[in-house]
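1. need a 3D model of the following:
(one chain, ligands or ions: 1)
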Amino acid sequence: MKISVIGAGYVGLIQAVGLASFGFEVTGIDIDDSKVKMLNNGVCPLYEGGLEELLKKHIGEKLQFTTSYKKIKDSQVIFLCVGTPQDEEGNTDLKYIFSAADKLKKHIGDSKCLVVKSTVPIGTTRLLKERLNGCNIEIVSNPEFLREGMALNDFLNPDRIILGFDKNDLTSKEILEGIYQKFIEKNIPLIITNYETSELIKYASNAFLATKISFINELSKLADKTNADIKTVSHAMGLDDRIGKKFLNAGIGYGGSCFPKDIKSLIKQCESNDINPRIITATDDVNERQIKWFFEKIKKHYGDISGKTFAVLGLAFKPDTDDLRESAGIKLIDLLLKSGATIKGFDYVQKARDNAYNMYNLDKSKAFYGYNLYIFDNLVETVTGVDGIIITVEDNRLNNENWTKIFNLTHEKIIFDGRNIFDSEKMHNIGYVYMGIGSKK
Ligand code: UGA
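-> Coordinates of the predicted model:
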């Protein structure tokens with residue numbers, strides 16, 4: 001079967017490469033010519049574990065990329081995976097969705113199926129159907145649930161597959177079941193529903209996970225002021241199957257290209273339906289405040305932080321990604337810089353460091369910027385001579401570092417653990433002042 005995938009961002013690339021690895025003939029389409037050239041040379045424009053290897057394996061064989069929509073006429077199924085960014089008011093901007101639809105309209109040949117994988121507000125798939133009215137194409141909603149850094153694994157091992165159809169039209173069901181046959185054989189639940197339910201499942205899932213995080217983050221402040229230990233609270237709560245232990249780790253807040261944007265979009269969607277979304281508004285609000293609260297905690301320790309130097313370990317919004325969007329680490333760096341501190345930043349992912357250079361417009365040879373920001377390629381250099389170490393991502397590699405050796409390299413011996421990844425006792429035993437989130441230990 002021939003398949004087209006429109007959009008070569010995180011979602012589209014995983015979809016294109018993943019489907020090629022299943023043996024389908026896949027054409028990826030993107031408007032960015034330089035990205036298309038890179039991909040055709042087997043170079044992945046973004047960092048995602050295992051993706052470049054799989055791309056190299058299939059490119060030129062089952063997989064190709066192009067900027068031209070003409071290829072669409074040969075494919076039976078088209079996956080729509082373009083970005084749905086946030087506009088200034090927090091609404092979802094659908095310009096890429098509609099411009100892709102207008103372009104593909106000109107090239108639809110025989111009977112086709114257009115599958116919307118992009119995260120779109122409730123009602124968008126139906127709007128798309130109206131826009132493509134007159135074309136011989138069925139539109140299906142099929143949201144994705146990939147986590148950055150784990151995206152290939154999530155593609156290969158989904159928890160569920162959601163297919164939203166227009167109630168009068170299920171003709172593509174068999175085709176899609178054929179594409180997802182491998183998952184159906186593994187008894188992965190397939191939910192067949194209507195457009196609107198499918199669209200809301202995506203937002204509801206992200207909003208629920210974000211709410212779990214904000215819930216524990218809110219309580220972490222109470223724990224911080226009392227003698228309670230939030231890590232033990234999370235652990236004990238998580239042992240109750242009804243609650244579950246995942247996404248219950250207190251920290252400096254959620255970031256990335258999905259949770260912050262999707263929560264804001266869901267608030268707007270409620271408001272435009274005359275609903276006051278109290279819980280998700282609180283989720284968003286708690287998240288916005290969490291990083292500021294952590295910053296104040298650091299400031300309080302020193303009194304004045306201007307002239308202090310900090311090692312910030314973690315630039316991307318989470319481990320194993322190069323994505324800096326809404327990164328709590330970057331937000332903290334900005335707050336610290338504005339208060340006159342000097343920052344030495346590090347991330348294990350080289351592309352995350354490269355993206356930080358580009359974002360701050362740094363000169364790589366000097367790694368210096370007007371505000372006193374330096375980015376280093378190794379941890380030892382990053383921590384040498386600093387007045388404090390700040391952990392901003394839950395990267396387990398940090399646990400394997402030699403913290404006794406690092407102790408001797410820093411000026412002041414203090415760790416602010418914004419993700420509660422360390423054993424506080426271990427750090428105390430080495431001699432550090434250790435400040436986690438929601439714990440006096
Ligand atoms: C999220 C969802 O987890 C995916 O299921 C969804 O498909 C994706 O959004 C999307 O909509 O495309 P992702 O943004 O890659 O995936 O990141 P997560 O792993 O969910 O982490 C989000 C943030 O929450 C990170 O900043 C992480 O540090 C933070 N987090 C996570 C916590 O603060 N505490 C936790 O216990 C877990």
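2. pLDDT below threshold where in the stretch 301-441 of the chain?
-> Scanning the stretch 301-441 of the chain for pLDDT under 70 picks out 364-371.
3. again, only using 80
-> Across the stretch 301-441 of the chain, the ranges flagged by pLDDT under 80 are 361-371, 440-441.
4. list, one by one, the residues from it near the ligand.
-> Contact residues, the stretch 301-441 of the chain versus the ligand (Cβ under 6 Å from any ligand atom): 317, 318, 394. For every residue, glycine as well, the C-beta is placed using N, CA and C.
5. in contact with the second one, which residues?
-> Taking Cβ atoms under 8 Å, 6 or more residues apart in numbering as the definition of contact, the neighbours of residue 318 are 148, 149, 255, 256, 393, 394.
6. nearest spatial neighbour of the fifth one, chain-adjacent residues omitted?
-> Taking Cβ to Cβ, 6 or more residues apart in numbering, and ignoring the residues beside it in sequence, residue 393 has residue 314 as its nearest neighbour in space, at 3.2 Å.
7. show me the contacts for that neighbour.
-> Residue 314 sits next to 327, 329, 346, 347, 391, 392, 393, 395, 419 when contact means Cβ under 8 Å, 6+ apart.
8. go again with 10 Å.
-> 252, 327-330, 332, 345-349, 352, 390-395, 398, 418-419, 421 (Cβ atoms under 10 Å, 6 or more residues apart in numbering).
9. return the subset of these lying in helices.
-> Counted as lying in helices by DSSP state H, out of the contacts of residue 314, are 328, 329, 330, 332, 352.
10. let me have the residues you listed in a markdown table, extended by neighbour count.
-> Below are the ones in helices among the contacts of residue 314 laid out as a markdown table (neighbours: other Cβ atoms under 10 Å):
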| residue | neighbour count |
| --- | --- |
| 328 | 24 |
| 329 | 29 |
| 330 | 24 |
| 332 | 25 |
| 352 | 26 |
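11. show me which of those residues is closest to the ligand.
-> Comparing the ones in helices among the contacts of residue 314 against the ligand with Cβ to the nearest ligand atom places residue 328 closest, at 6.4 Å.
12. wait, isn't that closest one in contact with residue 287?
-> Yes: Residue 328 is in contact with residue 287 according to Cβ atoms under 10 Å; the separation is 9.0 Å.
13. hey, what's in contact with both of the two?
-> With Cβ under 10 Å, 6+ apart as the test, residue 328 and residue 287 both reach 252, 253, 254, 255.
14. from those, list the buried ones, please.
-> When the shared contacts of residue 328 and residue 287 are checked for burial by 16 or more other Cβ atoms under 10 Å, the buried set is 252, 253, 254, 255.
15. and the pLDDT at the second one?
-> Put plainly, it is residue 253. We note a pLDDT of 98 for residue 253 in this prediction.
16. how close does it get to residue 204?
-> As judged by Cβ to Cβ, to the nearest Å, residue 253 and residue 204 stand 20 Å apart.
17. near the ligand, from the shared contacts of residue 328 and residue 287?
-> For the ligand, the contacts drawn from these by Cβ under 6 Å from any ligand atom are 254, 255.
18. quick one: which of the shared contacts of residue 328 and residue 287 is nearest residue 381?
-> Proximity of the shared contacts of residue 328 and residue 287 to residue 381 was ranked by Cβ to Cβ; the top entry is residue 252 with 23.8 Å.
19. mind listing what's buried in stretch 296-311?
-> For stretch 296-311, a neighbour-count test (16+ other Cβ under 10 Å) marks 298, 299, 302, 305, 308, 309, 310, 311 as buried.
20. turn those residues into JSON lines, including secondary structure and distance to residue 72.
-> Formatted as JSON lines, the buried residues of stretch 296-311 follow (DSSP: H, G, I helix; E, B strand; the rest coil; distance: Cβ to Cβ, whole Å):
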{"residue": "298", "secondary structure": "helix", "distance to residue 72": "52"}
{"residue": "299", "secondary structure": "helix", "distance to residue 72": "55"}
{"residue": "302", "secondary structure": "helix", "distance to residue 72": "59"}
{"residue": "305", "secondary structure": "coil", "distance to residue 72": "55"}
{"residue": "308", "secondary structure": "coil", "distance to residue 72": "56"}
{"residue": "309", "secondary structure": "strand", "distance to residue 72": "54"}
{"residue": "310", "secondary structure": "strand", "distance to residue 72": "51"}
{"residue": "311", "secondary structure": "strand", "distance to residue 72": "49"}
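21. residue contacts, the residue nearest to the spatial centre of the chain?
-> In the chain, the residue lying closest to the centroid (Cα atoms, centre = their mean) is residue 256, at 4.1 Å. Going by Cβ under 10 Å, 6+ apart, residue 256 touches 147-149, 262, 316-318, 321, 323-328.
22. most surrounded residue in those?
-> residue 316 (30 neighbours; other Cβ atoms under 10 Å).
23. residues in contact with that one?
-> Contacts of residue 316 by Cβ under 10 Å, 6+ apart are 47, 148-149, 255-256, 322-325, 327, 329-330, 347-349, 351-353, 355-356, 392-393, 395.
24. quick one, phi psi at it?
-> Note on residue 316: backbone dihedrals following degrees, to the nearest 10 are phi -70, psi 170.
25. that older thread, nearest to residue 61, of the residues of the stretch 301-441 of the chain next to the ligand?
-> Taking Cβ to Cβ as the measure, residue 61 lies nearest residue 318 of those, at 32.6 Å.
26. quick check, residue 137 in contact with residue 108.
-> Yes: here residue 137 reaches residue 108: they are 5.5 Å apart, a contact under Cβ under 10 Å.
27. find residues that contact each of the two.
-> With Cβ under 10 Å, 6+ apart, residue 137 and residue 108 have common neighbours 78, 114.
28. quick one: the helices in the stretch 151-300 of the chain?
-> 151-156, 173-179, 181-185, 195-225, 230-238, 259-271, 278-302 (DSSP state H, counting those that start in this stretch).
29. could you do the stretch 1-150 of the chain as well?
-> Going by DSSP H, counting those that start in this stretch, the stretch 1-150 of the chain shows helices at 10-21, 33-40, 51-58, 95-105, 124-131.
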